[in-house]
Structure formats: structure tokens, C-alpha cells
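In: need a 3D model of the sequence below.
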Amino acid sequence: MAGECMVRLRNEGTIESIRYFECRRTLMEMLHDRGYNVSESDLTLTLPDFRSRFGQYPKPETLGVIASHRSNPSNKVQVMFGGTNEIKKKTLMEIYSQIVDKENLSRLILIVQSKMTAYARKDLEICQYKVEIIKLSDLVVNVTKHVLQPKYEILTADEKQELLKKHKVEEKQLPLMLRTDAIASYFGLEKGQVVKISHTGEMFNSLVTYRCVV
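Out: As a prediction, this is how the structure comes out:
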């Protein structure tokens with residue numbers, strides 16, 4: 001019965017609103033998992049409430065969010081959704097003008113739907129804060145929520161050193177994970193960070209492995 005109700009709700013609205021709803025939901029879960037303050041209302045927002053708030057044809061510029069980190073409130077991230085047009089240097093200038101707290105901003109996340117020109121990408125390299133590009137299509141599904149996915153934990157710098165010391169290994173001896181990996185992208189991992197991966201299942205009670213991002 002619940003499944004029928006969801007199908008009816010989806011059929012009563014636009015496909016566009018469904019896509020943006022699912023992508024924004026994954027975004028909120030991603031920010032929460034990265035340690036940012038995300039309201040419970042954003043994490044549990046339903047499709048009908050999303051449509052009531054953003055409409056059947058959501059405008060990308062209205063979907064953005066600003067969040068502070070739980071461990072350091074002055075560390076802020078701003079997320080902005082780009083439209084369907086090609087992102088040019090002029091587009092970036094318009095985006096920069098909408099940044100709210102430039103002094104405390106540590107990361108800008110751009111959700112894009114189209115290609116970005118070479119001039120625009122070059123401009124990002126000289127930006128005063130970290131700029132992360134995520135494709136809208138990569139947010140349709142939360143890769144960490146799949147039933148077959150193991151549990152991921154990001155080690156702190158101290159935990160990483162304890163791990164290396166305990167096993168008497170160097171960083172370069174750890175198994176690797178590319179920064180382009182879906183999990184690394186989800187958590188916004190940088191080179192040198194270590195991920196603890198805990199596997200559980202019928203084949204084994206518990207298996208823990210580690211990956212170092214390169």
C-alpha cells in the first residue's frame with residue numbers, strides 16, 4: 001500500500017521535480033556524513049514537501065545550501081546548483097557574486113549538469129578556497145546506502161598515524177583508493193586520507209580493511 005502511494009505521488013508531479021528531490025536528498029546526506037550541520041527537516045524532507053517548497057519545476061539557484069562543520073563552526077561550505085547551460089568564466093563570476101561568507105568559506109561545491117569550458121576550469125585553479133565539482137547525475141543515488149556497501153569511516157590524522165605505527169607500515173604500503181572513486185568523491189577525500197572499511201555478511205562475521213587516497 002505504501003509503495004502504491006509513493007508511485008501515485010511520483011506520477012502526480014514532474015520528473016524534473018523527482019530528479020532534483022533525489023539529488024538534493026543525497027546532497028544533504030553527504031554533507032551530514034562529512035560532518036556538517038544539516039537540519040533534520042532537510043534530511044527527512046518528503047517529495048510532496050519538496051514540491052511545495054521548490055515547485056514542480058525547481059530553479060537550480062534556489063536549491064543551494066550553506067552549512068558549518070560540527071567540529072568547527074567557522075569552517076563553512078556553500079553548495080550551489082548550476083543550470084543546464086554550459087558553464088563559462090562569466091557563469092563562475094555570477095556564482096562567486098552569490099557567495100555569502102567569503103571570509104569563513106573553506107569549500108565551494110558546484111553541482112553541475114553540463115560541460116565546463118577550459119577557461120572556467122582554469123579560473124577555478126586560482127580560487128581562494130577549495131572548489132569541488134559534482135555532477136548532478138552522481139547524486140541521484142547515494143552510493144553509501146546500497147545494501148551491499150560496507151561501512152566507511154574516515155580516520156583522523158592521529159588515527160592514521162596510530163594505524164601505521166600499529167602495523168609497522170608506511171603510507172605508501174596501504175591499499176589505494178583513487179580520489180575519483182565514488183566513495184572518495186562522496187566524502188570529499190583528499191590525497192593521503194585513510195578510509196576504514198568494515199565488511200559484514202554471511203561469508204564472514206567481520207572484515208576490516210583500509211585504503212589510502214591518492
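In: bridging residues for Val65?
Out: Note on Val65: beta-bridge partners Val79, judged by DSSP bridges.
In: ok, it - contacts?
Out: Residues near Val65 by CB atoms under 8 Å, 6 or more residues apart in numbering: 27-28, 31, 42, 78-79. Where you see a C-beta, it was placed from the backbone N, CA and C, and this is true even at glycine.
In: so what pLDDT did the residue lying farthest from the centre of the chain get?
Out: In the chain, the residue that sits farthest from the middle, by CA atoms, centre = their mean, is Lys168; the gap is 33.1 Å. Per-residue pLDDT puts Lys168 at 96.
In: where's it relative to Ser68, distance?
Out: Separation of Lys168 from Ser68 (CB to CB, to the nearest Å): 39 Å.
In: looks like Ile197 contacts Pro150 (just checking).
Out: Yes: between Ile197 and Pro150 there is a contact under CB atoms under 8 Å: 5.1 Å.
In: now stretch 152-165: buried residues?
Out: By 16 or more other CB atoms under 10 Å, the buried positions in stretch 152-165 come out as 152, 154-155, 160, 163-164.
In: can you give me the helices in this structure?
Out: For the chain, applying DSSP state H gives helices covering 2-11, 15-33, 40-43, 47-54, 89-96, 118-125, 157-167, 182-187.
In: now stretch 81-93, how far from the centre of its chain.
Out: In terms of CA atoms, centre = their mean, to the nearest Å, the centre of stretch 81-93 is found 19 Å from the chain centre.
In: who touches that stretch?
Out: Applying CB under 8 Å, 6+ apart, the contact partners of stretch 81-93 are 60-61, 63-64, 95, 110-117, 119-120, 123-124, 136.
In: first to last residue in that stretch, what's the distance?
Out: In stretch 81-93, first residue to last residue: 14 Å (CA to CA, to the nearest Å).
In: show me where this protein dips below the pLDDT cut-off.
Out: Scanning the chain with the threshold set as pLDDT under 70 gives 1-12, 202-204.
In: can you list the domains in it?
Out: The chain breaks down into these domains under automatic domain parsing: 2-141, 144-213.
In: most tightly surrounded among the ones you listed?
Out: Ranked by mean neighbour count, those are led by domain 2-141 with a mean of 15 (mean count of other CB atoms under 10 Å).
In: how far off centre is it?
Out: Offset of domain 2-141 from its chain centre (CA atoms, centre = their mean): 9 Å.
In: and for stretch 151-171?
Out: Counting by CA atoms, centre = their mean, stretch 151-171 comes out at 23 Å from the chain centroid.
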